[in-house]
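Colleague: heads up, no residue letters with this:
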């Protein structure tokens, strides 16, 4: 596979926790510069913004856009217009129409656009998808809960329009569900709890069904203290499949099938390299569409102020 040079746009927590180790483990990906007005990395050229980075480093092949959601469209489009391949952190945009325009722009420019749903690269997801592919699902229970103060410390943008609130982690669960379940599913009911001093929900209860009438329930919450809960249980044809620990652990009935370390972002960058080599894009909007439906159709309830 051909080598490619990469510029990072945004140098926040997700970059330091996930992108940098994955890039270091991807032999054909070479990080050459960063763009962030507030942060930089040792021993790498750092620029205030994307345009400055690309002006100074015109030979960069690709960029990974890892900024808050509401900033991604303009940054991704600018990179695409300059002939750069683009990896978009999840979610790929604040709205479906933004993503659709990016897809059209990438196609016109002849470059790759990759909507990076990292949770789909968890160790148990592919096996779960294969096992479910010829089965009829009766019931799905999704529990995705974590402490926002741990995973998004001081990040006020998550409570603003486009920040998505609890759907920022919850969309990871939806990315797994839309990938693994053998039939499409549709929102029936949503309850969104919004703090009185925020504009996005801190918790959500969602009910879906598929064309065969399966009951699919999801419970997302940003108020959990202690370790996160990232679990999914699927009843199908008299058996139960459980994807837990964000997809790292897979059990079918009482048999442990997979229990592996999380290496999702290594899978992302390997896939990005493949797409670049083939000059192809991969942009699935199904998880984002489910979130959009929840905001459109959901019943909003105000809860106590929480945002610090």
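Modeller: Sure, I can see it. What you are looking at is a predicted structure, and each value in this text was computed from that prediction instead of being measured. Numbers count the residues shown, from 1 in each chain.
Colleague: next up, the contacts around the nearest residue to residue 265 once chain neighbours are set aside.
Modeller: In this structure, residue 265 finds its nearest non-sequential neighbour in residue 22, 3.5 Å apart by C-beta to C-beta, 6 or more residues apart in numbering. All C-beta spots, glycine's among them, are computed from the backbone N, C-alpha and C. Applying C-beta atoms under 8 Å, 6 or more residues apart in numbering, one finds that residue 22 lies in contact with 263, 265, 266, 268, 269.
Colleague: give me the distance between the first one and residue 18.
Modeller: In other words, residue 263. Applying C-beta to C-beta, to the nearest Å, the value for residue 263 to residue 18 is 10 Å.
Colleague: what of the fourth one?
Modeller: In this structure, residue 268 and residue 18 are 9 Å apart, going by C-beta to C-beta.
Colleague: overlap of the contact sets of those two?
Modeller: residue 118.
Colleague: ok, these two, which is more surrounded?
Modeller: The neighbour count for residue 268 versus residue 18, taken as other C-beta atoms under 10 Å, is higher for residue 268 (25 against 18).
Colleague: can you give me the helices in the stretch 101-250 of the chain?
Modeller: 125-132, 148-151, 167-180 (DSSP state H, counting those that start in this stretch).
Colleague: mind listing what's buried in the shortest one?
Modeller: In terms of neighbour count (16 or more other C-beta atoms under 10 Å), helix 148-151 has its buried residues at 148, 151.
Colleague: could you do the first one as well?
Modeller: For helix 125-132, the neighbour count (16+ other C-beta under 10 Å) marks 125, 126, 127, 128, 131, 132 as buried.
Colleague: what helices and strands are in contact with it?
Modeller: Secondary-structure packing of helix 125-132 (3 or more C-beta pairs under 8 Å, 6 or more residues apart in numbering; DSSP states H and E): helix 167-180, strand 229-236, strand 239-244, strand 249-252.
Colleague: which other helices and strands contact the second one?
Modeller: By that I understand strand 229-236. Under the contact definition 3+ C-beta pairs under 8 Å, 6+ apart, strand 229-236 sits against helix 125-132, strand 137-145, helix 167-180, strand 239-244.
Colleague: ok, the shortest one next?
Modeller: Other helices and strands packing on strand 249-252, by 3+ C-beta pairs under 8 Å, 6+ apart, are helix 125-132, strand 239-244, strand 255-259.
Colleague: what pLDDT, on average, does the longest one get?
Modeller: Taken as a whole, helix 125-132 has an average pLDDT of 98.
Colleague: and the gap between the most centrally placed residue in the chain and residue 36?
Modeller: Taking C-alpha atoms, centre = their mean, the centroid of the chain lies closest to residue 90, which sits 3.1 Å from it. In this view, residue 90 and residue 36 are 19 Å apart by C-beta to C-beta.
Colleague: repeat for residue 6
Modeller: Distance, residue 6 to residue 36, by C-beta to C-beta: 14 Å.
Colleague: point out where the stretch 201-308 of the chain drops to low pLDDT.
Modeller: Applying pLDDT under 70 to the stretch 201-308 of the chain picks out residues 307-308.
Colleague: run a quick neighbour tally on residue 255.
Modeller: 7.
Colleague: residue 60 now?
Modeller: Neighbours around residue 60, by other C-beta under 10 Å: 22.
Colleague: identify the residues contacting it.
Modeller: If you count contacts by C-beta under 8 Å, 6+ apart, residue 60 has them with 5, 6, 7, 32, 33, 53, 54, 84.
Colleague: show me what contacts residue 85?
Modeller: 4, 61, 62, 63, 111, 112, 113, 114, 272, 275, 276.
Colleague: got it, and residue 192?
Modeller: Contact analysis of residue 192 by C-beta under 8 Å, 6+ apart lists 201, 203, 204, 294, 295, 298, 299, 300, 301.
Colleague: please tell me how far it sits from residue 220.
Modeller: From residue 192 to residue 220 the distance is 10 Å (C-beta to C-beta).
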